[in-house]
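*Asks:* No sequence on hand, only this structure:
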């Protein structure tokens, strides 16, 4: 990803498509910068929530909470930067056969297992980690979400929403090709995963 990609440059790409004024910072005192300051992080997180992006994945062991919920032996607090829980596991091996039976309530994982390891999509803020297709999808989503506040045009909003959905499918497919096929280990247990 080129070094010049930043939240402001992504925002400005969408502003340019909408024919709005470009900004130098979210701290500028303009309508566009005020909208960016108020909305950029939420829109970015909404796009991150759409799929399991390889550049926004973490694996962690969760600490157990002292208080548990009725019907479950243990409760574990999800991380504050968790956008989407991908999967929970019984142990640090974190393979498909070791998945955990759990429920998610109030940002907690409830389970009878004594340990909880998770893979999740986190609130990735580093634009240098974004793929080019994700950056384009994010800019289209911003254009869609900002079309009505800036242009009062529902037609423009629908146009950019359609472009966002198409770019999101492309970005998701491209990003998904980078992930390792976890089923290989299940089908051929003697083949190590490199």
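*Replies:* Everything's here; your move. Just so we're clear, the structure is a prediction, and the values are computed from it rather than from any experiment.

*Asks:* so after the helix or strand hosting residue 134, what's the next helix or strand?
*Replies:* Assigned by DSSP states H and E, residue 134 falls within helix 132-151. The C-terminal neighbour of helix 132-151 among helices and strands, as given by DSSP H and E, is helix 154-176.

*Asks:* quick one, what contacts the residue nearest the centre of the chain?
*Replies:* Centre of the chain computed as the mean C-alpha position; nearest residue by Cα atoms, centre = their mean is residue 48, 2.1 Å away. By Cβ atoms under 8 Å, 6 or more residues apart in numbering, the contact list for residue 48 reads 56, 83-84, 121, 123-124. In short, each C-beta sits where N, CA and C put it, glycine included.

*Asks:* what comes up buried for the helix holding residue 134?
*Replies:* The neighbour-count check on helix 132-151 (16 or more other Cβ atoms under 10 Å) flags 133-147, 150 as buried.

*Asks:* Test for you: state the pLDDT assigned to the closest residue to residue 91 other than its chain neighbours.
*Replies:* Leaving aside its chain neighbours, residue 91 sits nearest to residue 98 (5.7 Å; criterion: Cβ to Cβ, 6 or more residues apart in numbering). Here the pLDDT value assigned to residue 98 is 81.

*Asks:* what's the burial count for residue 98?
*Replies:* For residue 98, the tally of surrounding residues (other Cβ atoms under 10 Å) stands at 14.

*Asks:* Spell out which helix or strand contains the residue nearest to residue 139 when sequence neighbours are not counted, please.
*Replies:* Leaving aside its sequence neighbours, residue 139 sits nearest to residue 13 (Cβ to Cβ, 6+ apart; 4.3 Å). According to DSSP H and E, residue 13 maps onto helix 7-18.

*Asks:* show me what contacts the nearest residue to residue 100 once chain neighbours are set aside?
*Replies:* Counting by Cβ to Cβ, 6+ apart, residue 88 is the residue found nearest to residue 100 once chain neighbours are left out, at 4.1 Å. Residue 88 makes contact with 99-100, 102, 109, 111, 116-118, according to Cβ under 8 Å, 6+ apart.

*Asks:* can you give me how far whichever strand or helix holds residue 88 is from the chain middle?
*Replies:* Using DSSP H and E, residue 88 falls within strand 82-89. Centre-to-centre, strand 82-89 and its host chain are 11 Å apart (Cα atoms, centre = their mean, to the nearest Å).

*Asks:* before we move on, what about stretch 21-37?
*Replies:* The answer for stretch 21-37 is 24 Å, by Cα atoms, centre = their mean.

*Asks:* picking that back up, show residues contacting the helix or strand that the strand holding residue 88 is followed by.
*Replies:* Sequence-wise, the next helix or strand downstream of strand 82-89 (DSSP H and E) is strand 103-105. Identification of contacts with strand 103-105 by Cβ under 8 Å, 6+ apart yields 69, 72, 78, 85, 109-111.

*Asks:* All set, thanks.
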